[in-house]
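S.K.: here's a sequence, model it:
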Amino acid sequence: MGDYEIGYGRPPKHSRFKKGVCPNPRGRPKKRPLSLPDSVLEVLSATTEYRERGRVKFASRLELATKQHVTAALNGDLGSAAILLKLRSHAEKHGRPGPLIVEIVNSPEATRRTPRADPAEDNTDPMPDY
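M.R.: Predicted structure coming up:
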């Protein structure tokens with residue numbers, strides 16, 4: 001090895017990558033797609049800029065939607081009050097105020113239905129209330 005110096009950036013020739021051999025044959029794995037609840041939570045938890053009393057503030061989209069429902073409920077909107085009560089009971093039950101529609105769609109109760117003898121009698125609501 002008289003004419004070849006080994007050091008930083010110059011590994012020995014016997015330990016270098018061989019020609020035609022890929023050093024990382026599988027490569028970086030592909031990103032796994034998010035499930036529906038995870039993707040909805042990711043969108044709702046994204047930070048958004050808004051103005052309040054002339055100042056720019058930042059909050060999650062879920063927090064902003066909750067603030068709008070609180071304001072509407074205080075102004076007499078019964079639908080917003082019902083949504084707030086559902087969010088509260090969901091948060092108490094599951095420990096997080098996740099979006100209700102995702103929890104309902106993916107719950108086993110929503111997919112499990114008892115068969116009826118007459119389909120015309122099947123007027124039950126497939127979306128359970130919390």
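S.K.: what about stretch 54-66, how long is it end to end?
M.R.: Stretch 54-66 has an end-to-end distance of 20 Å (CA to CA, to the nearest Å).
S.K.: now tell me what touches that stretch from outside.
M.R.: Contacting residues not belonging to stretch 54-66 are listed as 43-51, 67, 84, 87, 97, 99 [CB atoms under 8 Å, 6 or more residues apart in numbering]. For glycine as for every other residue, the C-beta is placed from the backbone atoms N, C-alpha and C.
S.K.: report the buried residues of that stretch.
M.R.: Across stretch 54-66, burial judged by 16 or more other CB atoms under 10 Å covers Leu62, Glu63, Thr66.
S.K.: if we can go back for a sec, mind listing which of the contacts of stretch 54-66 are in strands?
M.R.: Residues of the contacts of stretch 54-66 located in strands (DSSP state E): Thr47, Thr48, Glu49, Tyr50, Arg51.
S.K.: got a list of what the second one touches?
M.R.: Spelled out, that is Thr48. Phe58, Ala59, Ser60, Arg61, Leu64.
S.K.: can you say which two of the residues you listed are spatially most distant?
M.R.: Within the contacts of Thr48, Phe58 and Arg61 form the most distant pair, 11.0 Å apart (CB to CB).
S.K.: now do the helices in this protein.
M.R.: Using DSSP state H, the helices of the chain run over residues 36-44, 61-74, 78-94, 100-106, 108-111.
S.K.: got CSV for those helices, with mean pLDDT and distance to Tyr4 too?
M.R.: CSV is the format used below for the helices of the chain (pLDDT from 0 to 100; distance: least, CB to CB, whole Å):
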stretch, mean pLDDT, distance to Tyr4
helix 36-44, 84, 53
helix 61-74, 91, 61
helix 78-94, 87, 65
helix 100-106, 48, 62
helix 108-111, 49, 67
